[in-house]
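**Q** Please work out how this folds:
(2 chains)
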Amino acid sequence: MKALTVLRVVAGLHAVAICLQPVFAGIYLDGSPAGLRMHEPTGLAIVFLGLAQLLAATIWWRSGGRWRAAAVSLLIWVGEVVQVSMGYSRQLAIHIPLGIALVASTVALAIWINRQRVTSRQTGRQRVAA
Amino acid sequence: MTATIEQPAKVRRPRASLQLLRITLVLHAVLVIAQPIAAGYFLAGNVDAMTEIHATIGGSVWLIAFLQTVVAACYTTAGRGRIWPTVASAVVLVAEFVQLIFGYAQNFAVHIPLGTAIVTAVVWMTVWSFRSTARTSRREAKR
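**A** So this is what the prediction gives:
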């Protein structure tokens, strides 16, 4: 039950942070270098958030949750590592489409995670879904 | 549409309108997914990707969004499906016009986040339309 709560919080933070990235990129392309100064540390922080989410999702899965969250978190985290390297090497033909795919999948996964209920296997008794 | 579940009479569910909605959504999704790819190629130095692909799709994709809104309205009314796909399609239609304006104005602080939101919304609607819940009528969905 606690594992799911932690996972919900981490996934929510991760989703909010990743939504900032296109905003910062847009500010940069509008001609303000401040956009890139925020895009870079946010991107690195997101990789750590992605790793934290993978950890939380794995703990939730092993303590009776679903495996899908961990599997998708792993894919997202791998995508984020690729995304950071493509960003630094200015491979924008990959960086932009991959970025949008990462935003879409991270937001969708955060919504999915926040709709999950604590299962009976975790609490030891049947819970009525709200 | 593989297995037909036994159902009491008079329960009307979206069928033809859902198939049309799926076709429209897939077409729409393919076009909007192509947009960031073309933009990426442009920013990587390929000018043709902007003038020939990004601008062409951007200038015409709202037609698909309009078609999608009409089909979604059929899904809601004739098919007795849920209401939100019609609302969401109309919002996407407006968003694509705004996106076109900000694109030509080269205001990227709006264009890029809004573009991300449009792609996310259209892809998510497409995935949703192929799930079994999309086949239920809105009366069943309420239960």
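
**Q** Which helix or which strand is home to residue 26?
**A** Since you didn't name a chain, this refers to chain A. Using DSSP states H and E, the secondary-structure element containing A:Gly26 is helix A:2-29.

**Q** I was after chain B.
**A** Take DSSP H and E as the rule and B:Val26 turns out to sit in helix B:16-43.

**Q** Same check on A:Gly64?
**A** Taking DSSP H and E as the definition, A:Gly64 sits outside all helices and strands.

**Q** Output the contacting helices and strands for the helix holding B:Val26.
**A** Contacts of helix B:16-43 with other secondary structure elements, assessed using 3 or more C-beta pairs under 8 Å, 6 or more residues apart in numbering or on different chains; DSSP states H and E, are made with helix A:92-114, helix B:55-77, helix B:108-129. Yep, even glycine has a C-beta here, placed from its N, CA and C like the rest.

**Q** what's the closest of those helices to A:Ile76?
**A** Set against A:Ile76 and scored by C-beta to C-beta, these come closest in helix A:92-114, at 5.7 Å.

**Q** Show me which parts of the closest one are buried, residue by residue.
**A** Judged by neighbour count (16 or more other C-beta atoms under 10 Å in any protein chain shown), helix A:92-114 contains these buried residues: A:92-110, A:113.

**Q** ok, now stretch A:35-45?
**A** Of the residues in stretch A:35-45, those buried by neighbour count under the rule 16+ other C-beta under 10 Å are A:35, A:38-39, A:42-43.

**Q** ok, back up a step: near chain B, from the buried residues of helix A:92-114?
**A** When C-beta under 8 Å from any C-beta of the partner chain is applied, the members of those adjacent to chain B are A:92-97, A:99-100, A:103-104, A:107-108.

**Q** I figured B:Pro14 hits B:Gly79, correct?
**A** Yes: contact status for B:Pro14 versus B:Gly79: in contact at 2.9 Å, counting by C-beta atoms under 8 Å.

**Q** Take the helices and strands packed on helix B:16-43 and write them to JSON lines, including mean pLDDT.
**A** Converted to JSON lines, the helices and strands packed on helix B:16-43 look like this (pLDDT from 0 to 100):
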{"stretch": "helix A:92-114", "mean pLDDT": "95"}
{"stretch": "helix B:55-77", "mean pLDDT": "95"}
{"stretch": "helix B:108-129", "mean pLDDT": "96"}
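
**Q** No further questions, thank you.
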